[in-house]
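**Q** Got a sequence here, can you build the structure:
(one chain, ligands or ions: 2)
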Amino acid sequence: MEFEILHKDLMGRIGKLRTPRGVVETPTIMPVINPNLMSLGADEMKKYGAEMLITNAYIIYKKPNLREASVKNGIHSLLGCEMPIMTDSGSYQLSEYKDVEVSNREILEFQQRIGSDVCVPLDIPTAPYVKRKRAKEDLDETLSRMREARNIIQTENGVLAGVVQGSTFLDLRRKSAKHVAEIGFDVYAIGGLVPLLESHQFDTLVDIIVASKTNLPLNAPVHLFGAGHPMLFPLAVALGCDLFDSAAYALYAKGKRYMTEGGTRKVDSLRYLPCSCPVCSSYSVEEVKESEDLLASHNLWVTFEEMRTVKQSIAEGSLWELCERRCRAYPALLNALKHITAYVELIEKYDPVTKRPFFYLGAASAHRPEVLRYSYRLNRFKLSGNVLITATETKKSKSTSKEEEELENENYDYDHLFFVKPPFGPCPVELKESYPVGQSEIPMEVDSDAKTVALENVLKLLKLNKGKAKFVFLYDDRSWEHPLIAEIEKYAEVEKRNISAQNPVDV
Ligand code: GUN
Ligand code: ZN
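**A** Ligands and ions are numbered 1, 2, ... in the order given. Prediction:
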């Protein structure tokens, strides 16, 4: 199955996935169609923006009438829809209810027989935090079923997903991903995550995605099993997930929960409908409270809306900023975003080198890939003679030339002039207008993280040019007092400039 990548941002991508039933643009979410109750018809999913569906082959296999109809006329006829359909194997039923009476081979041959566009082997979803021995045994069995699956469905006769398991053991996740990549599948899926998603352990989710993704082929689509809440899409896509499935829209509606891109509300607690989807703009809050179908429909609208927002962010290079905004909605998400910064060296390798202007939005902005990349490039400055580095206010009002003039008037004599711009650090005056430092929007009052990173980079520049140039570090003690200045003093002549005395704050 071909997968063509069109745009990239962070580790996220917009891709075109060629399936036996047409091209699907990723990232996308596949609504889960329950073949037992098709109150929301499969074909109706198109209007929300669905390009592909997922259903459960095991549920169909178990019910004689559904089984017969799907064997006779195919899965597309059963669901009444010509979109590409992925079929899951019943693994989740196996892990939840232990009632699966079907073999890997049986369920794979069945999926093939009913014309599934993407088949899934019978993997074993191991719960988080089980004993290692258990996770390892389950994984060995899963891997042996993956090998068997590849022998049953060869590349030329169907599209097959390879599933990554391994519970919360990151080395097992890595091993699992490496093995499925070696076997070779058309799509890769990361499984066993539902309990983590339900308990909002998004930081652990980040670790598992990274451990898996870094061992899977880059040019293949990756499905994150069970992640149907839109609040997760920006982060998961930023880490390289392309396919999602959502039973959540229906399950949440059943539980009277109203989805928003930032979290979930109890519909009964709403006085207003804070959404303009076709449901929320044509029905009253009372009507939505009383109808599970209306609520499910609203949930689908916001789910697809958020996926389009994610895609637009990739196309324009603002996915980090979207993550920053969305992660503010929920502490566990904010935690996960901060946790992602532990992987910024990895993300930097994939992240495009030029983008639209950089918006500093706090939380984790000081650790963005652009900032790390800037620190990597400090060794490109070859300095000699007298170097003046000034850390003053980040106010825009003063033009660069005015600042230069002032410094000259104060009898500073230099061969090179650097301004310290948080979070990047030392920026030569010649590059003050160029990307990324010169094209960044930084709040006037930056947080201490941004200053710390900026001063670390000053220190790095000083160390790189130790003995080659003579440095003066001039700083405004009102906005730049910082423990790292003591360290800077070892490499530069440090002058404190009492700006507050010169420019009292206007009231
Ligand atoms: N649906 C949710 N989680 C899983 C999983 O781990 N494996 C499969 N096959 N389906 C799932
Ligand atoms: Zn709505």
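**Q** In this protein, what residue comes closest to ligand 1?
**A** residue 191 (2.3 Å; Cβ to the nearest ligand atom). Where you see a C-beta, it was placed from the backbone N, CA and C, and this is true even at glycine.
**Q** burial measure for that residue, as a count.
**A** A count of nearby residues for residue 191, using other Cβ atoms under 10 Å, gives 27.
**Q** Over to residue 405?
**A** 11.
**Q** That one: what secondary structure?
**A** When classified by DSSP: H, G, I helix; E, B strand; the rest coil, residue 405 comes out as helix.
**Q** Could you do residue 303 as well?
**A** helix.
**Q** Now do it against residue 379, distance only.
**A** 45 Å (Cβ to Cβ, to the nearest Å).
**Q** Neighbour count for the two, which is higher?
**A** Neighbour count, other Cβ under 10 Å: between residue 303 and residue 379, residue 303 has more, with 25 against 11.
**Q** got the contact list for the more buried one?
**A** 29, 48, 228, 230, 246, 248, 249, 259 (Cβ atoms under 8 Å, 6 or more residues apart in numbering).
**Q** Please tell me the pLDDT value assigned to the nearest residue to it once chain neighbours are set aside.
**A** Nearest non-adjacent residue to residue 303, counting by Cβ to Cβ, 6 or more residues apart in numbering: residue 230, 4.9 Å away. Per-residue confidence at residue 230 stands at 96 (pLDDT).
**Q** who in the stretch 151-300 of the chain is up against ligand 2?
**A** Proximity of the stretch 151-300 of the chain to ligand 2 (Cβ under 5 Å from the ion) is limited to residues 275, 277, 279, 280, 298.
**Q** if we go to 8 Å?
**A** Applying Cβ under 8 Å from the ion, we find that the stretch 151-300 of the chain lies next to ligand 2 at 258, 273, 275, 276, 277, 278, 279, 280, 281, 288, 298.
**Q** Output the residues you listed in a markdown table, with secondary structure appended to each entry.
**A** Output for those, formatted as a markdown table (three-state DSSP):
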| residue | secondary structure |
| --- | --- |
| 258 | strand |
| 273 | coil |
| 275 | coil |
| 276 | coil |
| 277 | coil |
| 278 | helix |
| 279 | helix |
| 280 | helix |
| 281 | helix |
| 288 | helix |
| 298 | helix |
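**Q** and which of these is nearest to residue 105?
**A** residue 298 (41.2 Å; Cβ to Cβ).
**Q** mind listing what the residue nearest to that closest one when sequence neighbours are not counted touches?
**A** Distances taken as Cβ to Cβ, 6+ apart put residue 279 closest to residue 298, at 4.3 Å, once the chain neighbours are dropped. Counting by Cβ under 8 Å, 6+ apart, residue 279 touches 288, 294, 297, 298, 301.
**Q** what is the mean pLDDT for stretch 391-401?
**A** 66.
**Q** residue contacts, residue 48?
**A** Contacts of residue 48 (Cβ under 8 Å, 6+ apart): 31, 300, 301, 303, 304.
**Q** again, but for residue 272
**A** So residue 272 contacts residue 285 (Cβ under 8 Å, 6+ apart).
**Q** cool, residue 368 as well?
**A** 320, 344, 358, 423.
**Q** what pairs with the third one across the strands?
**A** Think residue 358. Beta-bridge partners for residue 358, by DSSP bridges, are residue 440.
**Q** Make sure it is actually in contact with residue 438.
**A** No - between residue 358 and residue 438 there is no contact under Cβ atoms under 8 Å: 9.8 Å.
**Q** more neighbours, the two?
**A** Neighbour count, other Cβ under 10 Å: between residue 358 and residue 438, residue 358 has more, with 24 against 16.
**Q** Against residue 194, how distant is residue 239?
**A** 18 Å.
**Q** quick one, which of these two is more surrounded?
**A** residue 239 (26 against 18).
**Q** filter the contacts of residue 368 down to the ones close to ligand 2.
**A** Answer for the contacts of residue 368 near ligand 2: none qualify (Cβ under 8 Å from the ion).
**Q** what pairs with residue 56 across the strands?
**A** Beta-bridge partners of residue 56, as defined by DSSP bridges: residue 88.
**Q** For it, which residues are in contact?
**A** 32, 34, 35, 87, 88, 90, 92, 93.
**Q** switch the cut-off to 7 Å
**A** 35, 88, 90 (Cβ atoms under 7 Å, 6 or more residues apart in numbering).
**Q** Filter those down to the buried ones.
**A** 35, 88, 90 (16 or more other Cβ atoms under 10 Å).
**Q** Include pLDDT and distance to ligand 2 when you put the residues you listed into a markdown table, please.
**A** What follows is these, written out as a markdown table (pLDDT from 0 to 100; distance: Cβ to the ion, whole Å):
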| residue | pLDDT | distance to ligand 2 |
| --- | --- | --- |
| 35 | 87 | 27 |
| 88 | 97 | 28 |
| 90 | 90 | 33 |
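**Q** Within reach of ligand 1, which of the residues you listed are there?
**A** Of the residues in the buried ones among the contacts of residue 56, proximity to ligand 1 by Cβ under 6 Å from any ligand atom holds for residue 88.
**Q** Strands of the stretch 1-150 of the chain, residue ranges please.
**A** 3-9, 12-19, 22-26, 28-33, 53-56, 85-88, 118-119 (DSSP state E, counting those that start in this stretch).
**Q** would you list the ones you listed in CSV and tack on distance to residue 134?
**A** Output for these, formatted as CSV (distance: least, Cβ to Cβ, whole Å):
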stretch, distance to residue 134
strand 3-9, 34
strand 12-19, 33
strand 22-26, 33
strand 28-33, 28
strand 53-56, 25
strand 85-88, 23
strand 118-119, 27
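**Q** which stretches of this structure have low pLDDT?
**A** In the predicted model, the chain carries pLDDT under 70 at residues 38-40, 393-399, 499-507.
**Q** Next one: the most far-flung residue of the chain relative to its centre relative to residue 389, how far apart?
**A** No residue in the chain sits farther from the centre than residue 411, which is 50.1 Å out by Cα atoms, centre = their mean. Counting by Cβ to Cβ, the separation of residue 411 from residue 389 is 17 Å.
**Q** Residue 250 too?
**A** Distance from residue 250 to residue 389, by Cβ to Cβ: 58 Å.
**Q** what's the answer for residue 342, then?
**A** Residue 342 is 29 Å from residue 389, by Cβ to Cβ.
**Q** Just want to know which of those two has more residues nearby.
**A** residue 389 (25 against 13).
**Q** Next to ligand 1, which bits of the chain? Give me the list.
**A** Going by Cβ under 6 Å from any ligand atom, the residues of the chain near ligand 1 are 88-89, 91-92, 120, 123, 125, 163, 191-192, 194, 225-226.
**Q** all strands for the stretch 201-350 of the chain, in order.
**A** So, for the stretch 201-350 of the chain - with DSSP E, counting those that start in this stretch - the strands run 222-224, 243-246, 257-260, 263-266.
**Q** Quick one: the helices in the stretch 151-300 of the chain, in order.
**A** Taking DSSP state H, counting those that start in this stretch, the helices of the stretch 151-300 of the chain run over residues 170-183, 194-198, 202-213, 233-238, 248-254, 278-282, 285-290, 292-316.
**Q** ok, and what's touching the fourth one?
**A** Spelled out, that is helix 233-238. By Cβ under 7 Å, 6+ apart, helix 233-238 touches 10-12, 27, 209, 224, 227, 244, 306-307, 310, 319, 322-323, 326, 333, 336-337.
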